[in-house]
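> When you get a sec, could you give me coordinates for this:
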Amino acid sequence: MTNDPIPVPVPSFPPPPPSKLDGKTQAIAFSLFGVALLALVGLVTKSWFTIPGGGVGLTGVEACRGSRCMTMSWGDIPHVPSDITLWAYVGLIGGLAAVGVAGAMGGMLLANKAHKIPVKAFNIVLGIAAFGTTMFLMRLYSDDPKHATFGWSGFVAIGAIIAIGALTKQGVMPRATARA
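Coordinates of the predicted model:
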């Protein structure tokens, strides 16, 4: 017979519940979702510039006569300067990536995982989106400033991308860099 101590069972406790989100973090997350939706609307609509019976946007040109509309993407339009097509695609892809970034940051904030947000990488995406969309807007305007009529889409898209950047700087970065 040995004098080994009798093992005492160790009680297992469930992991502590995640800490509750404060109201400001929730507001930042839902604001990110809202401006992402605004950016998406601005990116896909063809009202960056208006033309009689239609409009121009990152995805191409739309012209309507009566009840018939014809849409052409930038790659299908003959004799368009290549830099317009380039900026349209950079703006569209960068803008869609910015929408994804805003959604990811909002979701990570709501999941209480702000410390895992790759803020530097996301800021690069936002910079490309802001630059691409602004270059597209200015390039089309500089092509024919006397006849260019600004629409609402470009301003909504660019403004929303800037708002995502501001929310990232003021709301997400302090939470992402805070020590748990």
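> Walking through the protein, point out its helices one by one.
23-44, 82-110, 119-143, 153-167, 173-177 (DSSP state H).
> quick one: low-confidence ranges for this protein?
Low-confidence segments of the chain (pLDDT under 70): 1-2, 13-19, 145, 179-180.
> wait, doesn't residue 160 sit right on residue 42?
Yes - taking contacts as CB atoms under 8 Å, residue 160 lies within contact range of residue 42: 6.1 Å. (Glycine included, C-beta is placed from N, CA and C.)
> Pull up the overlap in contacts between those two.
Counting by CB atoms under 8 Å, 6 or more residues apart in numbering, residue 160 and residue 42 have no shared contacts at all.
> Looking at the helices of the chain, spot the one closest to residue 51.
Minimum separation from residue 51 across those (CB to CB) falls at helix 119-143, 11.1 Å.
> what's the angle from the closest one to helix 153-167?
160 degrees (axes from the mean of the first three to the mean of the last three CA atoms, to 10 degrees).
> can you count the residues close to residue 157?
Each residue near residue 157 was counted by other CB atoms under 10 Å, and the total is 32.
> actually residue 164, not the one I wrote
Neighbours of residue 164 using other CB under 10 Å come to 29.
> Excluding chain neighbours, give the residue nearest to residue 44 in space.
Nearest residue to residue 44, sequence neighbours excluded (CB to CB, 6 or more residues apart in numbering): residue 59, at 6.2 Å.
> no no, residue 21
That would be residue 112: by CB to CB, 6+ apart, it lies 6.2 Å from residue 21.
> ok, now residue 154?
That would be residue 48: by CB to CB, 6+ apart, it lies 4.0 Å from residue 154.
> where does that neighbour fall, phi/psi-wise?
In terms of degrees, to the nearest 10, the main-chain angles of residue 48 are phi -70, psi -40.
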